[in-house]
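Undergrad: Starting from these lines, generate the structure:
(chains A, B and C)
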Amino acid sequence: MEIKFYPLDFTYQYKDGTTYISIYGKTIQNESLCIVQPYRPFFYIKIDNLDTKKLAEKLKDLQVEAKYNPENAKVTGHEPIEKELLGKTQLFWKVYVNYPKAVPIISREIASWGIECYEKDILFVHRYLRDNNIVPMTLTKAVGKFNSKSSLRVPLFEAEKVQPLSLDTPPNLKILAVDIETYAKEKIINFDKNPILMIALYGADENGKEFKKVLTWKNFSHDSDFIEFVSDETQLLQQFKEILLHFKPDILTGYFSDGFDLPYILYRANKLGVKLDLGADYSNLQADTRGDAQEREASITGTLHLDVFKFVRNIFGKNLKTDSYSLDAVSEEILGDKKKVVNLDLLADTWDNNVDGLHDYCIYNLHDAHLTYRLCLKLLYDMIEFTKIVGLPTFDVIHMRFSKLVESYILKRAVEYNVIAPNKPAGKEMDQRMEETFEGAFVYEPIPGLYKDIVVFDFRSLYPSIITSHNIGPESFSCDCCKEVGKVPTLEQYWFCTQDKKFIPNVLEHLINIRAVLKKEIKEAKAKGENTLMLEARSWAIKTLANSFYGYLGFFGARWYSIESARATTAYARNYIRTTMAKAEEHGFKVCYGDTDLLFVLLGDKTLNDALKFQKEVNAVLPGTMELELENYFTRGLFVANKSNTKGAKKKYALISKEGKMKITGFEMIRSNSSLLAKKTQEKVLRLILEDHIPEALSTLQSEIKKLLAGEVPLDQLIIRTQITKELNSYSAIAPHVAIAWQMVKRGEVVSPGSTVEYIITKGKGLVRDRAKIPVDVKAGDYDAEYYLHNQLLPAVSSIFLVLGYSEEQLLGEKKQTGLGKFF
DNA sequence: TGTAAGCGGGG
DNA sequence: GTGTACGCTTACA
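TA: Predicted structure coming up:
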């Protein structure tokens, strides 16, 4: 018979001389099951001029003792095969062994004979998926029969054939989020000493019905329908297990559940003798309780465990503004919702002495689970799209950094290209690679000033398009045929083949092509008013992956490492931006700025049409997929000088479009630790200047100064926020924010690293830190105007006015204006 | 100025 | 798990 299903989670086992892949998934009828199929472990060896007869004999007799394994490691067969390694087609043997763990054992032995072994460290499940082109999360077909004697928690299907059907993904997955609260008197997390006090679960069943629950083991009066009391911690864990087995989530999610919640649950369960055999095969919850918490992984066979934090840290965080990946910060940015505010330091005391106070903590606990659930739901599209491109289990994908994602994608494509993967570096080679460096992008030093009529061009996907257009990669480097014609500009000892398109640039080009198709689809779907979230997630996934190829080629741990390729890519990029600048000048344009792939051109007495003509001319000679795009036209742009000297600051400018939209880059005063007064004034002033109202900008600033000095600025505009980054007593210098933190501690509040303190600098004499006060204690007007003027307001705007010819003294009205307010 | 340790997340 | 293994900041010689 034939079944259609979506694969979610994978494992393998060895039984009676055969290794079976287990695929846990859901059928299109929404039923969970396990599909098993035999698959043989193997790796490759290079057969240069070896005596193959002798080698075959040796392999046949080879047997390596293997402790803790089902049997001694043996070779079970071999077959010759032609494959390409780093651009050269050569003869290899595919060597089969008796079980997956025999691969490293046997290959190590063969390597000691001086024979090169390849693909000996590719995970068995990954190997199976790639060789059979099976993509997790997508519609798949299996042919075989059900085994009525399944010893699993789900039906067992024995497959003769498993094959992909389409890229359709499961329509409804049951997600359950988990979050725990633990007893903690000190800051240190101690699995052994401190019990779990409550466990929150939030999810939705297949009908979309909300499920919410907080389990806890102390009674108190309350009116919440989601709280369930149990007798003790043992029962808490027991009930957690019952709920999981009853709810049967397809996806179990958590926030840092790999490193905290699940390891903690497992540790306590082991200590209290609760068996957490939650796996579909009755295997135990697997979680590391020791070692580096950041690198831990937790899993339940048959259930897809997704730690949202891991996905954010490794992959999604790049396009978030926040640089903290705490649940609070990430939820706020993605969901617009924050954690509930409770004092966790008081939880242990509340637990011991004031049970009625526990209700707030239960609400807090549930809310964390709810946030996690919503984050998982929101990010699931993105996780699935990476799964589909890379072709590996979602669990594995979210644990990968970009280098590994790129490599996994290349490895998948290597199967169809009949390419053998180069080995990972080890020992000396690794050390050597780590020392190799390469020059980055070119940034033009702007002349400080206010400019008008700026046209911004950018090279679309610069690095990927250079790699594909110039055939850059380890296989095409230093070929025999193109020494004269394939030279890299400014790096002439390097050349790349101009004859055949090689593997790496081919793979990347394919990625770029599917994105181009996708972009069209998105446009069409949008025109029809259709939901494009999934397509956009896919497009984003492909773009980020494509953009990572360049970094991958220069990454020391890469199989397809090629520092020359990375160097050539940036050399080409620098050359393109420079020659394009020169060409703009030839066309009579003045260039005011350029950075990596961006080019800022002044129209001067020319028209937008002239600029388009220039663009067309540039594009006419650009090779391959390279393209210069017109990004935008800005009516005004401001470039300021560095603080320490008069040179133009790089990566720091403000632009305004015809529609009045501002684009501000790099002005570091726009930071969370600046007061609202500084932020708002800076923005107002910038806008006025860019809108060509320089006198008004000046008068606005001066009236703000006047208000400030007169004590009329509202206190909420003067609050300064600074983060406490370490334990208070480890600060050697007592800055104002540390002084404030101590004040708060004296009042019984707890200030832990990571928390932000707020303060206002008040009037008076002496040290600034002694005059820092908690905002609620400050009376209106009781602020140190001079401090705010010189430490907040002026630093935010002085570099801006300096460009226009106004010194600080002039801003303060101490000197007459000598500035020119000139245009360039 | 260079290398080692330590943190991130979580209560 | 056919093991690894990130990247930045801070501490100290």
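
Undergrad: Can you check the pLDDT for the closest residue to A:Ile28 other than its chain neighbours?
TA: Nearest residue to A:Ile28, sequence neighbours excluded (CB to CB, 6 or more residues apart in numbering): A:Lys4, at 4.7 Å. C-betas here are computed from N, CA, C, even on glycine. What the model reports as pLDDT for A:Lys4 is 98.

Undergrad: Helix or strand: which one has A:Asn513?
TA: Secondary structure assignment for A:Asn513, by DSSP states H and E: helix A:503-527.

Undergrad: Point out the other elements, helices or strands, that whichever helix or strand comes after that helix touches.
TA: Sequence-wise, the next helix or strand downstream of helix A:503-527 (DSSP H and E) is helix A:533-547. For helix A:533-547, the helices and strands in contact under the criterion 3 or more CB pairs under 8 Å, 6 or more residues apart in numbering; DSSP states H and E are helix A:358-390, helix A:402-416, helix A:462-469, helix A:503-527.

Undergrad: Out of those, which one sits most buried?
TA: The highest mean neighbour count among the helices and strands packed on helix A:533-547 belongs to helix A:462-469 (a mean of 25), with neighbours defined as mean count of other CB atoms under 10 Å.

Undergrad: Can you give the strand pairings for the very next helix or strand once past it, parallel or anti for each?
TA: In the C-terminal direction, the helix or strand that comes right after helix A:462-469 (DSSP H and E) is strand A:487-488. For strand A:487-488, the paired strands and their directions (DSSP bridges) read strand A:491-495 (antiparallel).

Undergrad: who's in contact with the strand it pairs with?
TA: If you take CB atoms under 8 Å, 6 or more residues apart in numbering as the criterion, strand A:491-495 is touched by A:477-479, A:482-488, A:564, A:567-568, A:571.

Undergrad: Give me the average confidence score over it.
TA: Mean predicted lDDT for strand A:491-495 stands at 95.

Undergrad: how long is stretch A:770-780 from one end to the other?
TA: Distances were taken as CA to CA, to the nearest Å; on that basis the terminal residues of stretch A:770-780 are 19 Å apart.

Undergrad: any idea of the mean pLDDT for that stretch?
TA: Stretch A:770-780 shows a mean pLDDT of 90 in the predicted model.

Undergrad: Show me how the record splits chain A into domains.
TA: Here the domain assignment for chain A is A:2-164, A:175-376, A:443-657, A:700-823, based on automatic domain parsing.

Undergrad: For DNA strand B, which of those is the nearest?
TA: Taking CB to the nearest atom of the strand, domain A:175-376 is the member of those nearest to DNA strand B, at 3.1 Å.

Undergrad: need the domains of chain A in JSON lines with distance to DNA strand B, can you?
TA: Written out in JSON lines, the entries for these read as follows (distance: least, CB to the nearest atom of the strand, whole Å):
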{"stretch": "domain A:2-164", "distance to DNA strand B": "23"}
{"stretch": "domain A:175-376", "distance to DNA strand B": "3"}
{"stretch": "domain A:443-657", "distance to DNA strand B": "15"}
{"stretch": "domain A:700-823", "distance to DNA strand B": "5"}
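
Undergrad: Go through these and name the closest to A:Glu385.
TA: Evaluated with CB to CB, the domains of chain A place domain A:443-657 nearest to A:Glu385, the distance being 4.2 Å.

Undergrad: Looking at the stretch 101-250 of chain A, what residue ends up closest to DNA strand C?
TA: Relative to DNA strand C, the nearest point of the stretch 101-250 of chain A is A:Phe124 (1.9 Å; CB to the nearest atom of the strand).

Undergrad: Quick check: that residue touching A:Thr19?
TA: Yes. In terms of CB atoms under 8 Å, A:Phe124 counts as a neighbour of A:Thr19; the distance is 7.2 Å.

Undergrad: Find the residues that touch each one of the two.
TA: Taking CB under 8 Å, 6+ apart as the contact criterion, the common neighbours of A:Phe124 and A:Thr19 are A:Tyr12, A:Tyr39, A:Pro41, A:Pro100.

Undergrad: quick one: A:Glu82 is in a helix?
TA: No. Checked against DSSP: H, G, I helix; E, B strand; the rest coil, A:Glu82 lies outside a helix; its state is strand.

Undergrad: I'd assumed A:Gln90 was in contact with it.
TA: Yes. Contact status for A:Glu82 versus A:Gln90: in contact at 7.2 Å, counting by CB under 8 Å.

Undergrad: Between these two, which is the more surrounded one?
TA: Of the pair A:Glu82 and A:Gln90, A:Gln90 is the one with more neighbours under other CB atoms under 10 Å, namely 13 against 9.

Undergrad: how near is the more buried one to A:Asn49?
TA: Computed as CB to CB, to the nearest Å, the A:Gln90 to A:Asn49 distance reads 11 Å.

Undergrad: residues in contact with A:Met198?
TA: If you count contacts by CB under 8 Å, 6+ apart, A:Met198 has them with A:Ile180, A:Glu181, A:Val214, A:Leu215, A:Thr216, A:Leu236, A:Tyr361, A:Cys362, A:Asn365.

Undergrad: What pLDDT does the model give A:Tyr444?
TA: Per-residue confidence at A:Tyr444 stands at 93 (pLDDT).

Undergrad: Same question for A:Arg374.
TA: The predicted local confidence for A:Arg374 comes out at a pLDDT of 98.

Undergrad: Ok, A:Ser674 next?
TA: pLDDT, the model's per-residue confidence, is 79 for A:Ser674.

Undergrad: Spatially nearest residue to A:Phe639 (excluding sequence neighbours)?
TA: In space, not counting the residues next to it along the chain, A:Phe639 is nearest to A:Pro446; the distance is 4.2 Å by CB to CB, 6+ apart.

Undergrad: Next, that neighbour: secondary structure please.
TA: Of the three states, A:Pro446 takes coil according to three-state DSSP.

Undergrad: what about it, distance to DNA strand C?
TA: A:Pro446 sits 25 Å away from DNA strand C, going by CB to the nearest atom of the strand, to the nearest Å.
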